[in-house]
Structures are given as structure tokens and as C-alpha cells.
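Participant: Predicted model and sequence follow; I will ask about them next.
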Amino acid sequence: MKAARAVVTGLMAAGLTAAWMASTVAQAPTPPAPSAAPAAKPAAKPTPRRPAPPAETAPTAAAVPAPAAARGEPDLAFGAFQRGFYLTAFGIATRRVEEKGDVKAMTLLGELYAHGFGVSRDDKKATDWYKLAAARGDREAMFALAVFHLTGRAGAVNREEAAKLFATAAKLGSISAAYDLGLLYLEGQMFPQDFKRAAELFRSAAQAGNPEAQYVLATLYKDGRGVTKDVNEAARLLAAAAARAVRWRRTGSPISSPSAAGCRPTRWKRSSGTSSPRRAA
């Protein structure tokens, strides 16, 4: 029995060895599989055609720099205005309006007529230029025209139209318009008095560095009107306003009312629109 088992064991071992060798031999042909992969690579050769689409988009990409170049053009009219060469500014602005319908040039012509710089002061012509520019979406013209309506320089005082123009200009990013609109909400005559909305408008102007807005917002934080009371924030805003070397004199509401429920921001006088306001005497 033992001898038989030995023979069987030997035969089984021999069989297993033979099976193993057979399996290795059977597996030997599998290496050609990698060669099949290289054969597939030629099929991928058409992929070089992909660069073609960028060539189609190239013309649109090349057209992008053109607006940048246009924006990079110096505004000669405004440059002359800033240096006090008002007649030169008037001439350049007039040409730009006639040749290109330049909206900013329209606003500048309104400024020149509003202040009497280089030309005789003429509120009617200033109003007309502001209206043209405002109708074309210029926020500075909207703000200037709002001030004209508020002060009666565009005819009869029209606070409703002024408020609409302030609101539109503020939405377009005019910091001065946001400040003045905030004053209207603070006053509570054109709109229901809304300290929260006023604080939002003052905050947007204050964050842009407007010292008047920083001062008024500080008073709201000090008293907790429209915002959570925070004396530290009030002190910070007052310091920021003071850093801009603005002289403060509290004389009542900048619009008309003697006091906006305890908040007494500075009164301003504006000769027209886009230039900086002058402090009232």
C-alpha cells in the first residue's frame, strides 16, 4: 500500500508539474497582447486634428485687445479740465461729442457750463448736457442732474426726480449718490424713514473711502440706529474720517430738516454735480 501510495504520489507530482509547465506554456502567448496595444495607437493618429479648433477661435481672441487699447486712450479733455485749461477742454469735449458721441464728454460739457469754466455759466445748457449723458447711462451725469433738481438749478425743485436719479446712480456705483440717497432715507421725507437702509448706503460709500459717509455711519453705530450699537466701530469710522483731514461742523440735515432723529450730519452745498462738494458757509 505504501509503495502504491508512493507511486500515486509520484504520478500526481509529475502530473502537477506537467500541468504547471503546460499552463506556463499556455500563458506564454499572452505577451503579444501588448503588441496589440501598439497596433491600436495608429488609430489614435487622427487626434492631431484637434489643434484645428483653436485656430477658429483665434480671431475672437485677437479682437479682445482692441477695447483695452480704447480704454487706454488718454482723456485729453478731462486732462485739460483738471489742469485748468477750460477752453481747451471745451474744444476737445465738443469734438468728441460730434465725432464719437462720447458720453463722458457730454458730462464734462455740463460741468463746464455748470461752473462757468471757460464759458459763461449757463444752467440750462448744463442741464441739457447732463440729461443727454444721463439718458445714455452715465452715473456722474445722473448724480449732477439729481443735484440740479434738488437745488432748483434745473427749474423748479423736483425732489422726486432727484431721488430717482440718486437711486439709479447709486446702483451704478456712484459713491456720492449712495451717500445722498442715504441722507434721504435718514431724513424720512422722500421715503419712509429707514435707518437700516440708510446705514447700508452709508456703509457702501464709507467702504469706498467717503469721509462724510464714514462720519454719519459712525453716529449710527454710536446710537445703535439701523445697526447694532458698537462704540468701537463708531470710533474706528470717526478716525478714518479724521484721517482724511475733513473739517466737521454739525449744523443739521444736509437736505433740509433740522435733525434726522438725533443724527446730525454735515450740511453740504454743491455748485453742480460731479465735482467735490463745498462745505456750506
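Facilitator: Sure, I can see it. Bear in mind that the values here come from a model prediction, so they are computed numbers and not experimental data. Numbers count the residues shown, from 1 in each chain.
Participant: contacting residues for the closest residue to Asp180 other than its chain neighbours?
Facilitator: Spatial nearest neighbour of Asp180, excluding adjacent residues (Cβ to Cβ, 6 or more residues apart in numbering): Phe166 at 5.3 Å. For every residue, glycine as well, the C-beta is placed using N, CA and C. Counting by Cβ atoms under 8 Å, 6 or more residues apart in numbering, Phe166 touches 142-143, 146, 177, 180-181, 184.
Participant: Please give the element, helix or strand, for Phe166.
Facilitator: Phe166 belongs to helix 159-171 when elements are defined using DSSP states H and E.
Participant: I'd like the average pLDDT over that helix.
Facilitator: The predicted model assigns helix 159-171 a mean pLDDT of 96.
Participant: Of all the residues in that helix, which ones are buried?
Facilitator: 162-163, 165-170 (16 or more other Cβ atoms under 10 Å).
Participant: ok, now stretch 218-234?
Facilitator: For stretch 218-234, a neighbour-count test (16+ other Cβ under 10 Å) marks 218-223, 225-227, 233-234 as buried.
Participant: same thing with stretch 141-161?
Facilitator: 141-150, 153-154, 158.
Participant: which ones are touching Arg244?
Facilitator: Per Cβ under 8 Å, 6+ apart, neighbours of Arg244: 209, 211.
Participant: can you tell me how far it sits from Leu237?
Facilitator: 11 Å (Cβ to Cβ, to the nearest Å).
Participant: swap in Ala89?
Facilitator: Separation of Ala89 from Leu237 (Cβ to Cβ) stands at 36 Å.
Participant: and what of Leu184?
Facilitator: According to Cβ to Cβ, Leu184 stands 21 Å off from Leu237.
Participant: coming back round to it: out of the contacts of Phe166, list just those in helices.
Facilitator: Within the contacts of Phe166, residues falling in helices by DSSP state H are 142-143, 146, 177, 180-181, 184.
Participant: Turn these into TSV, including distance to Tyr130.
Facilitator: Formatted as TSV, these follow (distance: Cβ to Cβ, whole Å):
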residue	distance to Tyr130
Met142	8
Phe143	9
Ala146	9
Ala177	13
Asp180	15
Leu181	18
Leu184	20
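Participant: Considering those residues, which is situated nearest to Pro74?
Facilitator: Phe143 (23.9 Å; Cβ to Cβ).
Participant: Surely that closest one touches Ile175?
Facilitator: No. Using Cβ atoms under 8 Å, Phe143 is not in contact with Ile175, being 9.4 Å away.
Participant: any weak-confidence spans in this protein?
Facilitator: Residues of the chain that meet the criterion pLDDT under 70 lie in 1-73, 245-281.
Participant: so where do the helices sit in it?
Facilitator: Assigned by DSSP H, the chain shows helices spanning 2-27, 32-40, 52-63, 65-71, 76-82, 86-100, 103-115, 123-135, 139-151, 159-171, 175-187, 195-207, 211-223, 231-243.
Participant: Give me the distance between Asp184 and Ala162.
Facilitator: Not quite, residue 184 is Leu, not Asp. Distance, Leu184 to Ala162, using Cβ to Cβ: 8 Å.
Participant: Could you do Val227 as well?
Facilitator: 26 Å.
Participant: List the residues that contact Val97.
Facilitator: Neighbouring residues of Val97 by Cβ under 8 Å, 6+ apart: 105-106, 109.
Participant: gap between it and Tyr130?
Facilitator: Val97 is 13 Å from Tyr130, where distance means Cβ to Cβ.
Participant: One more: Arg136?
Facilitator: The value you get for Arg136 to Tyr130, if Cβ to Cβ is used, is 11 Å.
Participant: Pull up the overlap in contacts between those two.
Facilitator: Here Arg136 and Tyr130 have Met106 as joint contacts, going by Cβ under 8 Å, 6+ apart.
Participant: Comparing those two, which residue is more hemmed in?
Facilitator: Set side by side, Arg136 and Tyr130 show more neighbours around Tyr130, with 33 against 14, by other Cβ atoms under 10 Å.
Participant: Distance-wise, check the nearest residue to Leu238 once chain neighbours are set aside relative to Lys171.
Facilitator: Leaving aside its sequence neighbours, Leu238 sits nearest to Ala218 (Cβ to Cβ, 6+ apart; 4.6 Å). Separation of Ala218 from Lys171 (Cβ to Cβ) stands at 25 Å.
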